[in-house]
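Chemist: Structure of the sequence below:
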Amino acid sequence: MNDANIIVYSATWCAFCHAAKEYFDKLGVKYEDRDVESDPTFATESVVKSGQRGIPVIDINGEIIVGFDRPKIDAALQKR
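Modeler: All right, here's what the predicted structure looks like:
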């Protein structure tokens, strides 16, 4: 499960972003946090990948999950 390539597009004020990152931390899964507020490039990447402006956007090995959707996250992690 730890060999997944995970990117979390988030912002400091986003409660669901914090929940998603805390969930990965609890699972012991490494991820890269990309703050869409601090870097406009990350915001653009997030919109291109998800087709919308909402966050969090979670990229697990190319599978895009919008929002903190634990069942989808678990399913994507189990594919690894």
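
Chemist: So what touches the longest helix belonging to the chain?
Modeler: Assignment by DSSP state H gives helix 15-27 as the longest helix of the chain. Helix 15-27 is contacted by residues 1, 6, 8, 10-11, 30-31, 33, 55-56, 58, 67-68, 70, 73, 77 when judged by C-beta atoms under 8 Å, 6 or more residues apart in numbering. (C-beta placed from N, C-alpha, C; glycine too.)

Chemist: now stretch 53-72
Modeler: If you take C-beta under 8 Å, 6+ apart as the criterion, stretch 53-72 is touched by 4-11, 14, 16-17, 19-20, 23, 36, 46-47, 49-50, 52, 73, 76-77, 79-80.

Chemist: ok, and the most crowded of the contacts of helix 15-27?
Modeler: The most crowded member of those is residue 58, carrying 29 neighbours; neighbours defined as other C-beta atoms under 10 Å.

Chemist: Strand partners (parallel or antiparallel) of the strand or helix carrying that residue?
Modeler: Under the criterion of DSSP states H and E, residue 58 resides in strand 57-60. Each strand paired with strand 57-60, and its direction, by DSSP bridges: strand 6-10 (antiparallel), strand 63-66 (antiparallel).

Chemist: Quickly list what the closest residue to residue 31 other than its chain neighbours is bridged to.
Modeler: Computed as C-beta to C-beta, 6 or more residues apart in numbering, the closest residue to residue 31 that is not its neighbour in sequence is residue 6, at 3.9 Å. Beta-bridge partners for residue 6, by DSSP bridges, are residue 60.
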